[in-house]
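Visitor: Coordinates for the following, if possible.
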Amino acid sequence: MPVVVRRKPEAIDKNHNVNKSSIDDDSEKPNSDENKTLCILFISLLIDLLAFTLILPLFPSLVSYYRINDSSGLFGFCESKIEWFRVLVAAPPDFNTVLFGGLLGSVFSMLQFMASPIIGGFSDRFGRKKMMLISTAGISLSYLIWVLSDNFTMFVIARIVGGISKGNISLAASIVTDVSSPKTRGKGMALIGVAFSLGFLVGPMIGAAFSAWSKEKEDNWFVYPAMLAFLLSVLNVLYLAIFFKETLPKEKRKYNSNEVLSQSLQYLSPVALLNFSTLTNFNESEKRSIRKIGLSYLIYLFLYSGMEFTLTFLTHLRFNFNSMQQGRMFLFIGVIMTVLQGGVVRRLKPGSEKLMAQLGLLVIIPSFILVGSAQSLTTLYIGLSLYSLSTAFVVPCMTTVVSKFGEVHQKGVIMGIFRSLGSLGRALGPIFGSFLYWSLGPEYSYAVGGILLLVPYYILKSAN
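Guide: Sure, this is the predicted structure:
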C-alpha cells in the first residue's frame with residue numbers, strides 16, 4: 001500500500017523553502033530541548049563510531065589470521081574468488097588483502113542498503129527510541145559474535161549481523177528532523193558529520209594500537225579490540241535507554257506494521273528506491289526533485305567510494321606509504337573535515353545547503369585530478385585538502401536538503417531510503433574503482449572519476 005503524504009503548502013513552497021509566514025516563531029538558534037536531544041544523539045553516535053571504526057586498521061591482520069586459522073573452509077573459498085578478481089583487474093598479488101577488505105566492506109554496505117528503509121519505516125510506526133535501541137542492540141550482538149569468532153565463518157556472520165543492524169545513522173537524521181526547525185536543521189545534520197569525522201579520526205588509532213599491542217600477547221589477539229567494541233556498544237545501548245527521549249510522539253505515527261513492512265520491502269529494488277516509489281501524493285515538481293537528489297547522491301557516493309578505496313593503492317605504489325603513513329594521511333583528512341563541519345557547515349545560512357553541496361561536488365573534481373597526477377607529497381596533500389573540504393560539505397548539506405520532504409511521520413522512511421542509496425553506492429563503488437584504477441592507471445582513472453562527478457553536480461543543480 002503506498003504511503004500517503006499530505007503536504008502543507010503554506011509551510012513549504014515549490015523550491016522547498018520554508019515560507020516565513022508559517023514559521024515566524026522559529027528561532028535560528030536551537031531551543032534547550034533540541035540542544036539536549038542533539039547532544040545525546042552526538043554522544044551516542046560518537047560511541048557507536050568509535051566501536052565501528054576501530055576494526056578498520058585490523059582488516060589486514062585479521063585476513064592474515066584467518067588465512068592460517070580458519071577451520072570452516074569459507075576463507076579459502078572467498079580467497080579463490082578474490083584471486084580471480086585480482087587477475088581480472090590485473091592488480092599485483094600483494095594487494096589481495098586490500099581487495100579482501102574491500103569485499104567485506106561492500107557486503108556490509110549492501111546489507112545496509114537492504115536494511116535502512118525497513119528500520120526507518122518501522123521507526124515511523126513504533127518510534128525512534130525503540131528502533132534505536134533495537135539497532136544498537138543488534139550492533140552489540142555483532143561485536144559479541146566477533147569476540148567468539150574462532151573461525152572465518154563466525155567473523156562473516158558478525159559482519160552480516162552488524163550490517164543488518166546498522167540503521168542508527170539514518171535514524172539519527174530522522175531524529176534531527178523531528179526536533180529541529182527548518183532554520184536549525186542544517187546545524188543538526190552537520191553535528192552528525194562531526195561525530196563521523198571524530199569517530200573516523202580516533203577509532204582507527206585505537207584499533208591500530210590494539211593490533212600492535214595484542215598481537216605480541218597471544219594467538220587470538222583480536223579478542224581484545226572486539227571486546228572493547230562490544231563494551232562500547234553495550235554502553236551505547238544503556239546510554240540511549242536512560243537518556244534518550246522519544247522524538248516522534250504516538251499521535252504522529254500513522255501506519256500499521258504490515259503496511260510499513262510492505263512499503264519498506266519494495267525498496268529492495270534499486271529502481272523503486274531511486275523513484276521513492278511508495279511516497280505518493282507529492283506534486284510532480286516534488287517527485288522530480290527528490291528523485292534527482294537521490295540519484296545525485298547515489299552517483300556521487302558510487303564514484304567517491306571507488307576512488308577512496310583505491311587511494312591506498314596509489315599512495316603505497318607511488319610514495320611507498322606504509323600503514324602508519326597511510327594512517328597519518330587519513331588523520332590529516334579527518335582533522336580538516338572535523339574543523340570544517342564543526343566550525344563552518346553548522347553555521348551555514350538556512351536555505352544555502354543545496355548550493356554548498358553543488359560547490360562541494362565541483363571542488364572534488366580538481367582534488368581527484370591532483371591526487372591522481374601527484375608526483376610529490378606537496379601536490380598529494382593539496383589534493384587531499386580539497387578532497388577533505390568537499391567531503392565535509394556534500395553529505396551533510398544533501399541530507400539537510402532531502403530532510404525537507406514529507407511530513408513528520410514520513411521522515412524515517414525518507415531518510416532510510418536516502419541512507420540506503422548511499423550504501424548501495426558504497427557497495428558497488430570499490431568494484432568500479434578497482435576496475436578503473438588497474439585498467440587505466442591512477443592518472444587517467446582519477447581524472448575520469450573526477451570528470452564523471454559533473455554528472456551528480458548537474459543532476460543536483462536541476463532539482464528545484
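Visitor: Low-confidence stretches in the chain?
Guide: Under the criterion of pLDDT under 70, the regions of the chain flagged as low confidence span 1-31, 211-219, 254-257, 264, 267, 278, 280-281, 323, 409.
Visitor: ok, Arg159 - contacts?
Guide: Taking Cβ atoms under 8 Å, 6 or more residues apart in numbering, we find Arg159 in contact with 104, 107-108, 142. (Glycine included, C-beta is placed from N, CA and C.)
Visitor: Quick check: it vs Gly101, distance?
Guide: When Cβ to Cβ, to the nearest Å is the yardstick, Arg159 and Gly101 sit 11 Å from each other.
Visitor: Now the common contact residues for these two.
Guide: Counting by Cβ under 8 Å, 6+ apart, Arg159 and Gly101 have no contacts in common.
Visitor: Give me the buried positions along stretch 94-112.
Guide: 95-106, 108-112 (16 or more other Cβ atoms under 10 Å).
Visitor: just stretch 48-66 next, same as before
Guide: Buried positions in stretch 48-66, judged by neighbour count with 16+ other Cβ under 10 Å: 48-59, 61-63, 65-66.
Visitor: Can you dump the C-alpha atoms of it in CSV for me?
Guide: Only the C-alpha atoms of stretch 48-66 are listed here, as CSV (Å, rounded to 0.1, in the frame of the first residue of the first chain):
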residue,chain,number,x,y,z
ASP,A,48,29.0,3.9,18.1
LEU,A,49,31.5,5.1,15.5
LEU,A,50,34.5,4.6,17.8
ALA,A,51,33.5,0.9,18.1
PHE,A,52,32.7,0.6,14.4
THR,A,53,35.9,2.2,13.1
LEU,A,54,38.5,0.5,15.4
ILE,A,55,38.2,-2.6,13.2
LEU,A,56,39.3,-0.7,10.0
PRO,A,57,43.1,-0.9,10.5
LEU,A,58,42.7,-4.5,11.7
PHE,A,59,41.5,-5.9,8.4
PRO,A,60,44.9,-6.9,7.0
SER,A,61,45.9,-8.6,10.3
LEU,A,62,42.5,-10.3,10.5
VAL,A,63,42.8,-11.6,6.9
SER,A,64,46.3,-13.0,7.8
TYR,A,65,45.0,-14.6,11.0
TYR,A,66,42.0,-16.3,9.3
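Visitor: And the top helix by length along the chain, what does it pack against?
Guide: Across the chain, the helix with the greatest residue count (assigned by DSSP state H) is helix 284-319. For helix 284-319, the helices and strands in contact under the criterion 3 or more Cβ pairs under 8 Å, 6 or more residues apart in numbering; DSSP states H and E are helix 96-126, helix 270-275, helix 323-343, helix 353-373, helix 377-402, helix 411-440, helix 442-452, helix 454-462.
Visitor: And those: which comes nearest Leu235?
Guide: Comparison of these against Leu235 by Cβ to Cβ identifies helix 96-126 as nearest, at 21.0 Å.
Visitor: Tell me the buried residues in whatever helix or strand comes next after the closest one?
Guide: On the C-terminal side of helix 96-126, the nearest following helix or strand under DSSP states H and E is helix 128-147. Buried residues in helix 128-147, defined by neighbour count with 16+ other Cβ under 10 Å: 128-129, 131-147.
Visitor: picking that back up, counting only helices, which of the buried residues of stretch 48-66 make the cut?
Guide: Per DSSP H, these map to helices at 48-53, 59, 61-63, 65-66.
Visitor: nearest to Pro270, of those?
Guide: Here the nearest of those to Pro270, counting by Cβ to Cβ, is Phe52; it sits at 24.9 Å.
Visitor: pretty sure the closest one is touching Ile206, no?
Guide: No - between Phe52 and Ile206 no contact is recorded; they are 11.3 Å apart, counting by Cβ atoms under 8 Å.
Visitor: Report the contact partners of Gly186.
Guide: Shown here is Gly186, whose contacts under the criterion Cβ under 8 Å, 6+ apart are 345-346, 348, 350, 353, 396-397, 400.
Visitor: ok, which stretches of the stretch 151-300 of the chain are helices?
Guide: Remark: helices of the stretch 151-300 of the chain, listed N- to C-terminal, are 152-165, 168-179, 185-214, 223-243, 257-265, 270-275, 284-319; assignment by DSSP state H, counting those that start in this stretch.
Visitor: Tabulate the CA atom coordinates of the second one in CSV.
Guide: Listed next in CSV are the C-alpha coordinates belonging to helix 168-179 (Å, rounded to 0.1, in the frame of the first residue of the first chain):
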residue,chain,number,x,y,z
ASN,A,168,21.2,4.1,13.7
ILE,A,169,22.7,6.6,11.3
SER,A,170,19.6,7.1,9.1
LEU,A,171,17.6,7.2,12.4
ALA,A,172,19.9,9.9,13.6
ALA,A,173,19.0,12.1,10.6
SER,A,174,15.3,11.4,11.3
ILE,A,175,15.7,12.4,14.9
VAL,A,176,17.4,15.7,13.9
THR,A,177,14.4,16.4,11.5
ASP,A,178,12.0,15.6,14.4
VAL,A,179,13.4,18.1,16.8
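Visitor: Run through who's touching that helix.
Guide: For helix 168-179, contacts defined as Cβ under 8 Å, 6+ apart pick out 33-34, 37-38, 41, 44-45, 48, 116, 119-120, 123, 128, 131-132, 135-136, 139, 185, 188-189, 191-192, 247-248, 399, 403, 408, 411-412, 415-416, 418-420.
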